[in-house]
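>>> Generate coordinates for the sequence data below:
(2 chains)
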Amino acid sequence: MTQPVLALSGIETYYGRIQALRGVTLDVNEGEIVALIGANGAGKTTTLRTISGLLKPARGSVRFRGEDLAPYSADAIVRMGVVHSPEGRRIFPRMSVRENLELGAFARTDGSGIKNDLAEVLALFPRLSERMTQRGGTLSGGEQQMLAIARALMSQPKVLLLDEPSMGLSPILVDTIFSVIRDINKRGVTILLIEQNARKALQVASRGYVLETGAIVKAGTANALLNDDDVRKAYLGED
Amino acid sequence: MFEIHNCAPQFIQQLINGVALGGLYALIALGYTMVYGIIELINFAHGDVYTLGSFISLSILGLIPLATISNPTVLGLIALAVIILAALLCGIIGVLIERLAYRRLRNAPRLAPLITAIGVSLILENIMQIWKGNSEVSFPQFLPDHWHQIGGVRFDDRSLMVVVVSLVCMILLNFFVFHTKLGKAMRATAQDRDAAQLMGINVNSTIAWTFFIGSALAGVAGFISGMYYGTTFFLNGYQAGLKAFTAAVLGGIGNITGAMLGGFVIGIIETMTSGCISDQWSEVAVFAILILTLVFRPSGLLGQQLPEKV
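Coordinates of the predicted model:
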């Protein structure tokens, strides 16, 4: 088999003295959507923050295309193509939608490529093109989420880390966001997706991992997890 | 006790003096506000970097045989060169202060870097005291000075220079912050440091540049204050720094346009109080504004609250 594009092995991450991750090992292969599901506080966001370099693991390694990311800072990791769209959207509230999108392309120098990508993400999210001069902080929650994803796409991700893209959105918007996630993946972007909405996540993903109190307790194809009794009980709200 | 002057005839005159003083405060206030905006630190050493600007200018001028030069164009170019050098050196000192004293404390509780800033301020003051002594030092008045009269109002080239230089710096800064890539990185880092990193922005170098620019502006202020007052003193930055800090708070700390506005307002209030009431009251007026702003409008004149997250 070819090597995974993203490989975590034995990751242990601490917040001060509190251990948040207890040996997380997972792989993401080129072109996949992988879902990471788990309850609040299981360590999903910590896992993504460790991959993107905002946190550094005490033990274990994160490898991107075989290369250990330990020596790289968060901004360098973005430039390598591992792009993290953070929980809570984290758009820049006092900057216009256009400036937010331009910041996504901050590390890039290919002017015409940036222009093309801007046209493409606006085609993906037509709502944003009507809001270009509006400040990020004045957008609705759904629009902010679109902006956060669009901004991440402007960084030309090879691997996109999405943290709770459906959080706080209306059911219709949730469907829109998930169909966009599928779209992005079809264009060749590998995706690691964190979701509270485990059913939706496993429906778009090819494989999934279940995280409990900082450790992976289950892994498998998305279908297998959707039909797994424990997963159904704990995360899909079924008896 | 003190006399109350009738200031009506010289109202416009005081206004002009106030604008000159305000330009100076605005230049210093920008450094406070930029640093606060990006790392939420009140950099108490900033006022002393401004004094360092005067001292450095003085030392550079000491190397030039000014008395042998009479061509006003050459003298003007010398002034420009000294401003630029003082700005560069102060900028580098600002970066060193951040690197050595503040960076390690970036994620420490707020009080730690604040106390460190006071420590850095004391160190700089003591270095300057050893360097130039305990008393006022005179600053060479090498530029030809002419008085101009428009209507009943008189002003000289020195006040004109203060106003022009500070306005030029502010225009350049505005352009820089709102129309360049590094400026955009600074604004992004100020709004959300983690998110800025996730955009591929190198936050450490962005913060270092913020210190560089803020300190360089203080360096410029140091030179023009030497030219304006004709003297300098190792503790000058203490008072001027507090007033510029007041200006930054009045304008809305973290807000660049606010710092400029606040600088001019504080400068005008200070000279108006001196001119219309009495010198002794000018500082009371300035610091009363600080207290009133903090009590009634802590976000300042131009500070505004937008939801960071929805």
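>>> Is the residue of chain A at minimum distance from chain B in a helix, a strand, or coil?
Scanning chain A for the residue nearest chain B gives residue A:107, at 3.2 Å (criterion: Cβ to the nearest Cβ). Just so you know, the C-beta spots here come from the backbone N, C-alpha and C atoms, and that holds for glycine as well. Secondary structure, DSSP: H, G, I helix; E, B strand; the rest coil: residue A:107 is coil.
>>> looking at it, it is touching residue A:155, isn't it?
Yes - under the criterion of Cβ atoms under 8 Å, residue A:107 makes contact with residue A:155 at 7.0 Å.
>>> any common contacting residues for these two?
Common neighbours of residue A:107 and residue A:155, using Cβ atoms under 8 Å, 6 or more residues apart in numbering or on different chains, are A:78, B:199-200.
>>> Residue B:277: which of those residues is nearest?
Residue B:277 lies nearest to residue B:199 out of the shared contacts of residue A:107 and residue A:155, by Cβ to Cβ, at 51.4 Å.
>>> and the helix or strand containing residue B:121, which residues are buried?
Element membership of residue B:121, judged by DSSP states H and E, is helix B:111-132. Buried positions in helix B:111-132, judged by neighbour count with 16 or more other Cβ atoms under 10 Å in any protein chain shown: B:113, B:116-117, B:120-121, B:124-125, B:128, B:132.
>>> the helices in chain A, which residues?
Here chain A has its helices, by DSSP state H, at A:44-51, A:74-80, A:97-104, A:111-124, A:126-129, A:141-153, A:171-186, A:198-204, A:222-226, A:229-235.
>>> is it true that residue B:174 touches residue B:256?
Yes - in this structure, residue B:174 is within contact of residue B:256 by Cβ under 8 Å, at 7.1 Å.
>>> what about the two, which has more around it?
Neighbour count, other Cβ atoms under 10 Å in any protein chain shown: between residue B:174 and residue B:256, residue B:256 has more, with 24 against 14.
>>> residues in contact with that one?
So residue B:256 contacts B:30, B:33-34, B:37, B:173-174, B:177 (Cβ under 8 Å, 6+ apart).
>>> pLDDT at it, what is it?
Per-residue pLDDT puts residue B:256 at 91.
>>> what do you get for residue B:307?
For residue B:307, pLDDT reads 37.
>>> and the residue of chain A closest to chain B, what pLDDT?
93.
>>> and what of residue B:297?
So, for residue B:297, pLDDT stands at 89.
>>> what does the stretch 101-250 of chain B put close to chain A?
Residues of the stretch 101-250 of chain B lying near chain A by Cβ under 8 Å from any Cβ of the partner chain: B:181, B:184-185, B:187-188, B:191-192, B:194-203.
>>> So how do I select the buried members of the residues you listed in ChimeraX?
The buried subset of these, as determined by 16+ other Cβ under 10 Å, is captured in ChimeraX by this line:
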select /B:184,185,187,188,191,192,195,196,197,198,199,200,201,202,203
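>>> pLDDT below threshold where in the stretch 101-250 of chain B?
Of all residues in the stretch 101-250 of chain B, none has pLDDT under 70.
>>> nope, chain A is what I meant
Low-confidence segments of chain A (pLDDT under 70): A:1, A:239.
>>> ok, now how distant is the residue most central in space within it from residue B:25?
What sits nearest the mean C-alpha location of chain A, by Cα atoms, centre = their mean, is residue A:162, with 1.6 Å. Distance from residue A:162 to residue B:25, counting by Cβ to Cβ, to the nearest Å: 47 Å.
>>> One more: residue B:154?
For residue B:154, the distance to residue B:25 equals 22 Å [Cβ to Cβ].
>>> Pick out whichever of these two has more residues nearby.
Neighbours were counted for residue B:154 and for residue B:25 using other Cβ under 10 Å; residue B:25 has more, 30 against 13.
>>> I'd like to know how many residues surround the residue of chain A closest to chain B.
17.
>>> Not counting sequence-adjacent ones, nearest residue to it?
Spatially, and ignoring its direct neighbours in sequence, residue A:107 is nearest to residue B:200 (3.2 Å; Cβ to Cβ, 6 or more residues apart in numbering or on different chains).
>>> Give me the three-state assignment for that neighbour.
On the basis of three-state DSSP, residue B:200 is classed as coil.
>>> ok now do the residue of the stretch 151-300 of chain B found nearest chain A, which residues does it touch?
For the stretch 151-300 of chain B, the residue closest to chain A is residue B:200, as judged by Cβ to the nearest Cβ, at 3.2 Å. Taking Cβ under 8 Å, 6+ apart, we find residue B:200 in contact with A:75-76, A:78-79, A:106-107, A:155.
>>> Check residue A:139 too.
Counting by Cβ under 8 Å, 6+ apart, residue A:139 has contacts A:91, A:97, A:131, A:147, B:310.
>>> run the last query once more with 7 Å
Residues near residue A:139 by Cβ atoms under 7 Å, 6 or more residues apart in numbering or on different chains: A:131, A:147.
>>> Would you check how far apart it and residue A:122 are?
For residue A:139, the distance to residue A:122 equals 15 Å [Cβ to Cβ].
>>> do residue A:78 as well
Distance, residue A:78 to residue A:122, using Cβ to Cβ: 21 Å.
>>> Neighbour count for the two, which is higher?
residue A:78 (26 against 17).
>>> starting at the chain centroid, how far to stretch A:48-67?
Between the centre of stretch A:48-67 and the centre of its chain there are 14 Å (Cα atoms, centre = their mean, to the nearest Å).
>>> ok, and what's touching that stretch?
The contact list for stretch A:48-67, computed with Cβ under 7 Å, 6+ apart, reads A:3, A:5-14, A:21, A:23, A:46, A:68-70, A:72-74, A:77, A:80, A:82, A:84, A:161, A:163, A:194, B:194, B:197-198.
>>> Can you say which of those residues are buried?
In these, the ones that pass as buried (16+ other Cβ under 10 Å) are A:5-8, A:11-13, A:21, A:46, A:69, A:72-74, A:77, A:80, A:82, A:84, A:161, A:163, A:194, B:197-198.
>>> In strands, which of these appear?
Among the buried ones among the contacts of stretch A:48-67, DSSP state E puts A:6-8, A:11-13, A:21, A:82, A:84, A:161, A:163, A:194 in strands.
>>> May I see those residues organised as JSON lines, with distance to chain B added?
Shown next, in JSON lines, are those (distance: Cβ to the nearest Cβ, whole Å):
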{"residue": "A:6", "distance to chain B": "16"}
{"residue": "A:7", "distance to chain B": "21"}
{"residue": "A:8", "distance to chain B": "18"}
{"residue": "A:11", "distance to chain B": "19"}
{"residue": "A:12", "distance to chain B": "20"}
{"residue": "A:13", "distance to chain B": "15"}
{"residue": "A:21", "distance to chain B": "18"}
{"residue": "A:82", "distance to chain B": "10"}
{"residue": "A:84", "distance to chain B": "5"}
{"residue": "A:161", "distance to chain B": "9"}
{"residue": "A:163", "distance to chain B": "11"}
{"residue": "A:194", "distance to chain B": "15"}
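>>> coming back round to it: please name every helix or strand in contact with the next helix or strand after the helix holding residue B:121.
Under the assignment DSSP H and E, the closest C-terminal helix or strand after helix B:111-132 is strand B:137-138. Strand B:137-138 makes packing contacts with strand B:231-232 when contacts are defined by 3 or more Cβ pairs under 7 Å, 6 or more residues apart in numbering or on different chains; DSSP states H and E.
>>> Cool, thanks, talk later.
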